[in-house]
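S.K.: can't give you the sequence, but here's the structure:
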(Lines give C-alpha, C1' and ligand atoms only; values in the text may rest on other atoms or scores of the structure.)
Protein backbone atom coordinates (compact mmCIF):
# COMPACT_ATOMS: atom_id res chain seq x y z
CA UNK A 1 0.00 0.00 0.00
CA UNK A 2 1.40 3.44 -0.84
CA UNK A 3 1.99 6.16 1.71
CA UNK A 4 -0.87 8.17 0.16
CA UNK A 5 -3.52 5.72 1.40
CA UNK A 6 -1.92 5.67 4.85
CA UNK A 7 -1.28 9.39 5.33
CA UNK A 8 -4.19 11.48 6.64
CA UNK A 9 -2.70 14.84 5.69
CA UNK A 10 -2.07 13.66 2.13
CA UNK A 11 -5.54 12.15 1.84
CA UNK A 12 -7.36 15.18 3.25
CA UNK A 13 -5.20 17.68 1.33
CA UNK A 14 -5.61 16.02 -2.05
CA UNK A 15 -1.95 15.09 -2.36
CA UNK A 16 -1.65 12.49 -5.10
CA UNK A 17 1.21 10.12 -5.62
CA UNK A 18 3.83 11.60 -7.93
CA UNK A 19 2.43 15.14 -7.68
CA UNK A 20 4.63 18.16 -6.87
CA UNK A 21 3.14 18.26 -3.36
CA UNK A 22 3.94 14.58 -2.92
CA UNK A 23 7.53 15.28 -3.95
CA UNK A 24 7.68 18.17 -1.51
CA UNK A 25 6.40 16.02 1.36
CA UNK A 26 8.68 13.16 0.32
CA UNK A 27 11.67 15.48 0.81
CA UNK A 28 10.98 15.26 4.57
CA UNK A 29 10.08 11.57 5.02
CA UNK A 30 10.74 11.64 8.78
CA UNK A 31 8.20 14.43 9.28
CA UNK A 32 5.63 12.63 7.16
CA UNK A 33 6.17 9.34 9.00
CA UNK A 34 6.23 10.84 12.49
CA UNK A 35 3.12 12.90 11.82
CA UNK A 36 1.26 9.81 10.73
CA UNK A 37 2.60 7.76 13.64
CA UNK A 38 1.39 10.49 16.01
CA UNK A 39 -2.04 10.19 14.38
CA UNK A 40 -1.95 6.43 14.90
CA UNK A 41 -0.91 6.80 18.54
CA UNK A 42 -3.74 9.23 19.25
CA UNK A 43 -6.51 7.67 17.18
CA UNK A 44 -5.73 4.07 16.29
CA UNK A 45 -4.51 2.84 19.66
CA UNK A 46 -7.13 1.07 21.71
CA UNK A 47 -7.16 2.97 25.03
CA UNK A 48 -5.13 5.98 23.95
CA UNK A 49 -4.76 7.86 27.20
CA UNK A 50 -8.00 6.45 28.56
CA UNK A 51 -10.29 8.53 26.35
CA UNK A 52 -12.79 6.36 24.47
CA UNK A 53 -12.39 6.50 20.69
CA UNK A 54 -15.71 8.28 20.15
CA UNK A 55 -14.58 11.12 22.43
CA UNK A 56 -11.21 11.37 20.67
CA UNK A 57 -12.85 11.60 17.24
CA UNK A 58 -15.54 14.01 18.43
CA UNK A 59 -12.86 16.37 19.77
CA UNK A 60 -10.76 16.09 16.61
CA UNK A 61 -13.80 16.79 14.44
CA UNK A 62 -14.72 19.83 16.57
CA UNK A 63 -11.20 21.27 16.44
CA UNK A 64 -11.05 20.82 12.66
CA UNK A 65 -14.47 22.50 12.33
CA UNK A 66 -13.38 25.43 14.51
CA UNK A 67 -10.39 25.89 12.23
CA UNK A 68 -12.70 25.71 9.20
CA UNK A 69 -10.78 22.71 7.88
CA UNK A 70 -13.78 21.02 6.30
CA UNK A 71 -11.99 18.13 4.62
CA UNK A 72 -10.19 17.21 7.81
CA UNK A 73 -13.44 17.59 9.78
CA UNK A 74 -15.13 15.17 7.37
CA UNK A 75 -12.30 12.69 7.91
CA UNK A 76 -12.84 12.79 11.67
CA UNK A 77 -16.64 12.72 11.28
CA UNK A 78 -16.30 9.56 9.20
CA UNK A 79 -13.97 7.98 11.77
CA UNK A 80 -16.44 8.94 14.52
CA UNK A 81 -19.27 7.30 12.59
CA UNK A 82 -17.23 4.11 12.14
CA UNK A 83 -16.40 4.10 15.84
CA UNK A 84 -20.05 4.60 16.80
CA UNK A 85 -20.96 1.49 14.82
CA UNK A 86 -18.52 -0.57 16.84
CA UNK A 87 -19.19 0.87 20.29
CA UNK A 88 -22.13 0.72 22.61
CA UNK A 89 -22.41 4.48 23.22
CA UNK A 90 -25.27 6.43 24.67
CA UNK A 91 -27.30 8.39 22.16
CA UNK A 92 -26.63 12.11 22.17
CA UNK A 93 -23.98 14.16 23.87
CA UNK A 94 -23.31 13.24 27.48
CA UNK A 95 -22.42 15.82 30.13
CA UNK A 96 -18.87 14.48 30.00
CA UNK A 97 -18.58 14.92 26.24
CA UNK A 98 -20.17 18.37 26.44
CA UNK A 99 -17.50 19.40 28.97
CA UNK A 100 -14.76 17.96 26.76
CA UNK A 101 -16.05 19.86 23.72
CA UNK A 102 -16.37 23.12 25.70
CA UNK A 103 -12.75 22.70 26.74
CA UNK A 104 -11.69 22.01 23.15
CA UNK A 105 -13.55 25.15 22.03
CA UNK A 106 -11.82 27.31 24.62
CA UNK A 107 -8.33 25.94 24.05
CA UNK A 108 -8.75 26.22 20.28
CA UNK A 109 -10.33 29.67 20.13
CA UNK A 110 -9.18 31.40 23.32
CA UNK A 111 -6.24 29.48 24.79
CA UNK A 112 -5.11 32.41 26.95
CA UNK A 113 -8.47 32.25 28.77
CA UNK A 114 -7.97 28.63 29.91
CA UNK A 115 -7.43 28.29 33.64
CA UNK A 116 -7.10 25.66 36.33
CA UNK A 117 -10.90 25.90 36.73
CA UNK A 118 -11.28 24.50 33.21
CA UNK A 119 -9.18 21.47 34.16
CA UNK A 120 -11.21 21.08 37.34
CA UNK A 121 -14.41 21.08 35.25
CA UNK A 122 -13.01 18.17 33.25
CA UNK A 123 -12.03 16.34 36.44
CA UNK A 124 -15.56 16.89 37.77
CA UNK A 125 -16.81 14.97 34.72
CA UNK A 126 -14.56 12.04 35.59
CA UNK A 127 -11.53 12.74 33.43
CA UNK A 128 -8.24 11.70 34.97
CA UNK A 129 -4.89 13.35 34.40
CA UNK A 130 -3.92 10.98 31.57
CA UNK A 131 -7.21 11.69 29.79
CA UNK A 132 -6.76 15.45 30.14
CA UNK A 133 -3.24 15.19 28.74
CA UNK A 134 -4.52 13.10 25.81
CA UNK A 135 -7.29 15.64 25.20
CA UNK A 136 -4.68 18.41 25.06
CA UNK A 137 -2.52 16.37 22.69
CA UNK A 138 -5.48 15.82 20.34
CA UNK A 139 -6.35 19.52 20.29
CA UNK A 140 -2.72 20.45 19.53
CA UNK A 141 -2.24 17.69 16.97
CA UNK A 142 -5.33 18.57 14.94
CA UNK A 143 -4.28 22.25 14.97
CA UNK A 144 -0.91 21.09 13.60
CA UNK A 145 -2.63 19.02 10.88
CA UNK A 146 -4.73 22.05 9.92
CA UNK A 147 -1.64 24.21 9.55
CA UNK A 148 0.21 21.66 7.43
CA UNK A 149 -2.85 21.23 5.19
CA UNK A 150 -3.26 25.01 4.86
CA UNK A 151 0.41 25.36 3.94
CA UNK A 152 0.08 22.65 1.30
CA UNK A 153 -3.02 24.34 -0.13
CA UNK A 154 -1.17 27.65 -0.35
CA UNK A 155 1.83 26.05 -2.03
CA UNK A 156 -0.46 24.25 -4.49
CA UNK A 157 -2.18 27.53 -5.32
CA UNK A 158 1.10 29.14 -6.35
CA UNK A 159 2.78 26.09 -7.87
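M.R.: Looks like it came in fine. Bear in mind the structure is a predicted one, so any value in this text is a computation, not a measurement. Numbers count the residues shown, from 1 in each chain.
S.K.: ok, longest helix in this protein?
M.R.: Taking DSSP state H as the criterion, the chain has its longest helix at helix 129-158.
S.K.: Can you give the distance of that one from its chain's centre?
M.R.: 7 Å (CA atoms, centre = their mean, to the nearest Å).
S.K.: and that helix, what does it pack onto?
M.R.: Other helices and strands packing on helix 129-158, by 3 or more CB pairs under 8 Å, 6 or more residues apart in numbering; DSSP states H and E, are helix 8-13, helix 20-26, helix 29-39, helix 53-66, helix 70-86, helix 95-109, helix 116-124. No exception for glycine: its C-beta is placed from N, CA and C like everyone else's.
S.K.: can you tell which of those helices is closest to residue 153?
M.R.: For the helices and strands packed on helix 129-158, distance to residue 153 was read as CB to CB. The smallest value, 6.7 Å, belongs to helix 8-13.
S.K.: And that closest one, what does it pack against?
M.R.: helix 3-6, helix 20-26, helix 29-39, helix 70-86, helix 129-158.
S.K.: contact partners of it?
M.R.: When contacts are taken as CB atoms under 8 Å, 6 or more residues apart in numbering, the neighbours of helix 8-13 outside the stretch itself are 3-5, 15, 21-22, 25, 32, 35-36, 39, 69, 71-72, 74-75, 145, 148-149, 152-153.
S.K.: And for stretch 78-88?
M.R.: For stretch 78-88, the external contacting residues (CB under 8 Å, 6+ apart) are 43, 52, 53, 54, 57, 58, 60, 61.
S.K.: what residues does stretch 105-117 touch?
M.R.: With contact meaning CB under 8 Å, 6+ apart, stretch 105-117 is reached by 62, 63, 66, 67, 103, 118, 136, 139, 143.
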